[in-house]
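Peer 1: Give me a 3D structure for the following:
(one chain, ligands or ions: 2)
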Amino acid sequence: MNRTFASDVPQKKGMEVLVQGWVHDLRDFGGLKFIILKDRSGKIQITLHKEKTPKVVFDSFEGISKESVLYVVGKAQKSEKAQKGVEIIPSSIEIVSKAQAPVPLDTSGKIESDLSSRLDHRFLDLRNRKSFAIFKIRGKVFKFVSEYFDSQGFININTPKLTTIGVETGAELFEVKYFDKKAYLAQSPQVYKQMFVAAGLERVYEIAPVYRAEKSRTSQHLTEFTGIDFEQGFIKDEHDVMDTVEGLFRHIFKRLNEECSEELSLWNRKLVFPKKIPRLTMKEAKELLKEKGIILGEDEDLNLEAEKILAQIIKEKYKSEFVFVYRYPFAVRPFYHMKPANEPNISMSFDLMWNGIEIATGSQREHRYEVLKAQAKDAGINLDKDMAPYAEIFKYGCPPHGGTGLGLDRIVQSLLDIENIREVILLPRDPDRLSP
Ligand code: 4AD
Ligand code: MG
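Peer 2: Ligands and ions are numbered 1, 2, ... in the order given. Sure thing, here's the model as predicted:
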């Protein structure tokens, strides 16, 4: 007999079905017993009557524990009291894998468990519908990101995660023993994505792990996260890059509303995308912050507090959860960002913030070899010597280009308005967590 998913049982009233899943709950009223079985589609009630159910089946209830895997064959029938108006009257119950008791984590959502023990037993945590929903949404976001880039003519690439060079200031490298050499885990695909724009692919994107040896114990930082990176050639300026980012989010919102309405409502989330994401220069952002008593110097970055307050201002003023801040001080950006003509202290770069959390950083890149070499030198890097393979891509025809790095984990965190980033990644890595 073919398997029927729990969610399809209501359409099979009056028919014999086979359901397969985990025991969500057991209710024993003596002559009347219930098993609530869950599978990836939902839950279904199995009802055992002392008089009507075959004795071996009725008696097998005693040996069933929560979270055990059962195969149940029985008749689907209408029931006033059962969820979705349907129950199964079993003719056979097979205990395929018996769960030990007690289960180290409540999966019903009735008992609140702290995040740390949920992560310790993550595979059990996902048997809770709300946790499961996070990963359904995350998987869909992954798909919609690919869909969008594909529709815009971007080519998906995979670049090495074992590498010798890092370019992101502030982000520390994890050192790896590579036979008799020293290697590092990639802190971004920056060098490579620029390389393949110059190669002639023109538009590339990658969704892949990014490693950062940052000892930050915050609710937004991981040491291993999933980066969404893209790079595009023949741009006018950084606004073209922001347009791509904006289009990406518009697409993700539209498609999530189409395909994940059930999961979003489990998290009480309504996704409405603004008509246009406001774009403020850093100078304008700092002026708005000044009105709220936050004073930042010309060359200073926005700190976490400033980002939160700016988010409130933007929400009130523009009715948008998103904001692009652009023209960052060059002093707080990596050497490969381009400077506007005659403005040596500014970079043609931007951050996208969503409810006060930095979601993305992007820029137009410096593609003129001599200028880049000088900028690297100012940062203490000898481009030709320290980064020869990178230097090479600017020597043989490199178009003006720009791109962005986004964090998939932070996107899902913001989508669902979840406090801690660790909740949206299956098995988070941070300075204290390396297992399971
Ligand atoms: O801002 P970041 O460091 O920028 C880059 O890596 C550049 N290559 C981007 C570019 O193309 N110019 O990282 C990009 C994004 C951040 O905006 C954030 O969403 C995410 O990656 N991110 C992290 N997510 C989780 N944990 C961390 N430790 C993160 N660090 C960055
Ligand atoms: Mg950044």
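Peer 1: Tell me what Phe225 is bridged to.
Peer 2: Judged by DSSP bridges, the bridge partners of Phe225 are Val210.
Peer 1: count of neighbours near it?
Peer 2: By the criterion of other CB atoms under 10 Å, Phe225 has 19 neighbours. In short, each C-beta sits where N, CA and C put it, glycine included.
Peer 1: That one: what's it in contact with?
Peer 2: When the contact criterion is CB atoms under 8 Å, 6 or more residues apart in numbering, the partners of Phe225 are Pro209, Val210, Arg212, Gly407, Leu408, Asp409, Arg410, Ile421, Ile425.
Peer 1: TSV for those residues, including distance to ligand 1 and secondary structure?
Peer 2: Output for these, formatted as TSV (distance: CB to the nearest ligand atom, whole Å; DSSP: H, G, I helix; E, B strand; the rest coil):
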residue	distance to ligand 1	secondary structure
Pro209	11	strand
Val210	7	strand
Arg212	4	coil
Gly407	3	strand
Leu408	8	helix
Asp409	5	helix
Arg410	4	helix
Ile421	6	helix
Ile425	9	coil
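Peer 1: Please indicate which of those are buried?
Peer 2: Buried members of those, counted by 16 or more other CB atoms under 10 Å: Val210, Arg212, Gly407, Leu408, Asp409, Arg410, Ile421, Ile425.
Peer 1: Verify the contact between the third one and Asp229 for me.
Peer 2: No - taking CB atoms under 8 Å as the definition, Gly407 is not a contact partner of Asp229, at 10.2 Å.
Peer 1: Going by secondary structure, Ile207 is in what exactly?
Peer 2: With the criterion set as DSSP states H and E, the secondary-structure element containing Ile207 is strand 203-211.
Peer 1: Now do that strand: which elements does it pack against?
Peer 2: helix 129-151, strand 155-156, helix 190-196, strand 224-233 (3 or more CB pairs under 8 Å, 6 or more residues apart in numbering; DSSP states H and E).
Peer 1: Could you list every helix and strand in contact with the first one?
Peer 2: I take that to be helix 129-151. If you count contacts as 3+ CB pairs under 8 Å, 6+ apart, helix 129-151 packs onto strand 155-156, strand 203-211, helix 238-259, helix 261-266, helix 408-415.
Peer 1: run the last query once more with 10 Å
Peer 2: Counting contacts by 3 or more CB pairs under 10 Å, 6 or more residues apart in numbering; DSSP states H and E, helix 129-151 is packed against helix 122-125, strand 155-156, strand 203-211, strand 224-233, helix 238-259, helix 261-266, helix 408-415.
Peer 1: Show me what counts as buried in that helix.
Peer 2: Residues of helix 129-151 classed as buried under the neighbour-count rule (16+ other CB under 10 Å) are 129, 131-134, 136-138, 140-141, 144-145, 148-149.
Peer 1: Show the contacting residues for the nearest residue to Tyr178 once chain neighbours are set aside.
Peer 2: Spatial nearest neighbour of Tyr178, chain neighbours left out: Leu162 (6.6 Å); criterion: CB to CB, 6 or more residues apart in numbering. Applying CB atoms under 10 Å, 6 or more residues apart in numbering, we find Leu162 in contact with Val176, Tyr178, Ala183, Tyr184, Leu185, Ala186.
Peer 1: By neighbours, which of those wins?
Peer 2: With neighbours set by other CB under 10 Å, the maximum within the contacts of Leu162 is found at Ala186, which has 25 neighbours.
Peer 1: Surely that residue is in contact with Lys193?
Peer 2: No - here Ala186 does not reach Lys193: they are 11.2 Å apart, not a contact under CB atoms under 10 Å.
Peer 1: intersection of neighbour lists for those two?
Peer 2: Each of Thr159 lies in contact with both Ala186 and Lys193 under the rule CB under 10 Å, 6+ apart.
Peer 1: With mean pLDDT added, can I get the helices and strands packed on helix 129-151 in JSON lines?
Peer 2: Written out in JSON lines, the entries for the helices and strands packed on helix 129-151 read as follows (pLDDT from 0 to 100):
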{"stretch": "helix 122-125", "mean pLDDT": "97"}
{"stretch": "strand 155-156", "mean pLDDT": "98"}
{"stretch": "strand 203-211", "mean pLDDT": "98"}
{"stretch": "strand 224-233", "mean pLDDT": "98"}
{"stretch": "helix 238-259", "mean pLDDT": "98"}
{"stretch": "helix 261-266", "mean pLDDT": "97"}
{"stretch": "helix 408-415", "mean pLDDT": "98"}
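Peer 1: got the residues of the chain near ligand 1?
Peer 2: The chain has residues 168, 171, 188, 190, 212, 214, 221-222, 225, 227, 358-363, 403-407, 409-410 near ligand 1, with proximity defined as CB under 6 Å from any ligand atom.
Peer 1: of those residues, buried ones?
Peer 2: Applying a neighbour-count criterion of 16+ other CB under 10 Å, the buried members of the residues of the chain next to ligand 1 are 168, 188, 190, 212, 214, 221-222, 225, 227, 358-363, 403-407, 409-410.
Peer 1: Nearest residue to the residue of the stretch 251-400 of the chain found nearest ligand 1 in space, please, no chain neighbours.
Peer 2: Of the residues in the stretch 251-400 of the chain, the one nearest ligand 1 is Thr361, at a distance of 3.3 Å by CB to the nearest ligand atom. On the basis of CB to CB, 6+ apart, the spatially nearest residue to Thr361 that is not a chain neighbour turns out to be Asp351, at 5.3 Å.
Peer 1: Tell me the strands beside the helix or strand containing that neighbour, with direction?
Peer 2: Asp351 is part of strand 349-354 when elements are defined by DSSP H and E. When pairing is defined by DSSP bridges, strand 349-354 lines up against strand 322-326 (antiparallel), strand 357-364 (antiparallel).
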